[in-house]
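Q: The following block contains a protein sequence and its predicted model.
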Amino acid sequence: MIKRLAVIGVGLIGGSLALALKKNGQVAQVIGYARSEAVRHEALQLGIIDEAAASIADAVQQADMVFVAVPMGAMAAVLAELAPYVNEKTIITDGGSAKQQVIEAAKASLGSLFPNFVPGHPIAGTEKSGPSAAFAELYEAHRVVLTPTSETRHDALEQVQQMWQQVGADVFVMDAEQHDVVLAATSHLPHVLAFNLVGMLAQRDDCEAVLRYAAGGFRDFSRIASSDAIMWRDICLGNREAVLDLLQQYRAGLAQIEAAIRTGDGDYLSTFFNQAKQARDSRFAEPGLTDNSEV
Ligand SMILES: NC(=O)C1=CN([C@@H]2O[C@H](COP(=O)(O)OP(=O)(O)OC[C@H]3O[C@@H](n4cnc5c(N)ncnc54)[C@H](O)[C@@H]3O)[C@@H](O)[C@H]2O)C=CC1
Ligand SMILES: O=C(O)C(=O)Cc1ccc(O)cc1
């Protein structure tokens with residue numbers, strides 16, 4: 001049972017954790033902070049938080065658990081701001097989509113309390129953001145990856161693991177570097193591709209006609225291009241190396257497809273498409289990948 005949970009960033013991810021813990025009676029009090037007063041007020045009105053803090057210091061001072069769920073680009077500043085106000089009993093964790101960058105920031109800011117920091121990433125979300133997008137069931141039957149370092153306190157890791165299990169998540173522990181490569185492949189690259197496709201089509205003169213006759217496949221593929229621009233800017237820049245590697249690999253594949261179309265190499269296309277289909281139908285046939293819902 002968490003006595004006082006401080007949520008820094010009360011949007012989809014922070015808000016959903018607060019709602020889920022409250023719903024299950026796993027937290028006595030939630031205090032929330034967001035940069036904008038209007039967002040804090042909204043979170044209070046929606047019952048996501050019990051109290052709105054006027055500063056990060058006020059939010060974390062009495063907390064036994066701190067959950068940081070701000071865009072990746074704001075993580076370092078938030079961690080630096082909270083560091084003087086936490087103590088050896090406070091556990092600090094986060095929900096950032098790439099882990100190595102957050103770990104570096106936490107190490108730089110938290111100093112001797114760095115072992116109290118448990119890096120985390122719920123592999124659950126939608127294309128919506130803000131407190132109004134939060135819902136208590138978001139994490140049920142979804143994966144949460146924790147990427148402790150060699151310095152992470154074992155009891156802190158256990159408590160964060162328990163917190164996520166209490167809201168219905170399956171918790172996995174992974175090395176941060178591996179996490180960033182894996183998530184670049186299945187999440188960061190697809191978002192970049194969707195943004196690029198939709199952005200490209202939006203610039204065409206015949207955009208209206210193109211979209212009017214779009215089929216279900218376009219709706220599926222383009223949904224994630226509705227995601228928050230600042231959040232995805234920060235993820236791309238925060239997981240730079242892995243995203244660039246995958247983009248290069250993707251471009252090489254695309255170039256081969258382009259060459260096959262140009263030269264009329266139908267065998268290449270059918271073989272390659274069939275290999276991808278076989279992979280999607282067998283090895284990728286995981287719950288969440290086979291239905292049409294968001295991750
Ligand atoms: N949206 C998604 O599906 C998922 C997002 N994440 C990660 O979770 C984190 C939060 O994302 P969302 O909840 O979707 O975003 P969101 O936009 O819904 O919420 C972010 C919150 O942070 C606040 N905020 C922004 N800058 C701030 C600052 N400098 N100081 C204090 N508060 C600040 C905003 O007011 C808002 O309350 C991000 O790091 C994102 O990469 C992780 C998994 C899924
Ligand atoms: O909306 C979707 O399908 C997502 O992929 C949500 C998502 C966004 C960012 C993450 O780090 C994890 C999950």
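A: Here it is on my side, so go on. Ligands and ions are numbered 1, 2, ... in the order given.
Q: Can you check the pLDDT for residue 288?
A: Listed pLDDT for residue 288 reads 52.
Q: same question, residue 250
A: Predicted confidence (pLDDT) for residue 250: 98.
Q: Verify the stated contact: it with residue 189.
A: Yes: using C-beta atoms under 8 Å, residue 250 makes contact with residue 189 at a distance of 6.4 Å. Using the backbone N, CA and C atoms, a C-beta is placed for each residue, glycine as well.
Q: Specify which residue of those two has the higher count of neighbours.
A: A count of neighbours by other C-beta atoms under 10 Å puts residue 189 above the other of residue 250 and residue 189, at 19 against 14.
Q: which element is that one on?
A: helix 189-202 (DSSP states H and E).
Q: Tell me, how many residues neighbour the residue in the stretch 101-250 of the chain that ligand 1 sits nearest to?
A: Using C-beta to the nearest ligand atom, the closest approach of the stretch 101-250 of the chain to ligand 1 is made by residue 125 at 1.8 Å. Here the number of neighbours of residue 125 (other C-beta under 10 Å) works out to 22.
Q: all helices for the stretch 101-250 of the chain, in order.
A: For the stretch 101-250 of the chain, helices defined by DSSP state H, counting those that start in this stretch occupy the ranges 154-166, 176-183, 189-202, 207-212, 216-222, 229-238, 240-263.
Q: Switch those helices over to CSV; also include distance to residue 18.
A: Formatted as CSV, the helices of the stretch 101-250 of the chain follow (distance: least, C-beta to C-beta, whole Å):
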stretch, distance to residue 18
helix 154-166, 11
helix 176-183, 24
helix 189-202, 25
helix 207-212, 37
helix 216-222, 30
helix 229-238, 19
helix 240-263, 30
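Q: Which of these comes out lowest on mean pLDDT?
A: Taking the mean pLDDT of the helices of the stretch 101-250 of the chain, helix 207-212 comes last: a mean of 87.
Q: Enumerate the residues of the stretch 101-250 of the chain near ligand 1.
A: Taking C-beta under 6 Å from any ligand atom as the criterion, the stretch 101-250 of the chain approaches ligand 1 at residues 121-122, 125-126, 129-130, 228, 231, 235.
Q: pretty sure residue 10 is in contact with residue 133, am I right?
A: No: look at residue 10 against residue 133 with C-beta under 8 Å: they stay out of range, at 10.9 Å.
Q: who's more crowded, the two?
A: Using other C-beta under 10 Å as the criterion, residue 10 and residue 133 rank with residue 10 on top: 31 against 17.
Q: Report the secondary structure state of the more buried one.
A: Three-state assignment for residue 10 (DSSP: H, G, I helix; E, B strand; the rest coil): coil.
Q: Packing partners of the worst-scoring helix or strand of the chain on mean pLDDT?
A: Ranking every helix and strand in the chain by mean pLDDT, DSSP states H and E puts helix 207-212 at the bottom, with a mean of 87. The contact analysis (3 or more C-beta pairs under 8 Å, 6 or more residues apart in numbering; DSSP states H and E) places helix 207-212 against helix 189-202.
Q: hmm, the helix it packs on in reach of ligand 2?
A: No: between helix 189-202 and ligand 2, judged by C-beta under 6 Å from any ligand atom, nothing touches; the nearest distance is 7.0 Å.
Q: quick one, that helix and helix 176-183 angle?
A: Comparing the axes of helix 189-202 and helix 176-183 via axes from the mean of the first three to the mean of the last three C-alpha atoms, to 10 degrees yields an angle of 40 degrees.
Q: and helix 189-202, which residues are buried?
A: 189, 191-195, 198, 201 (16 or more other C-beta atoms under 10 Å).
Q: With stretch 104-124 instead?
A: Under 16+ other C-beta under 10 Å, the buried positions of stretch 104-124 are 105-106, 109-110, 113-124.
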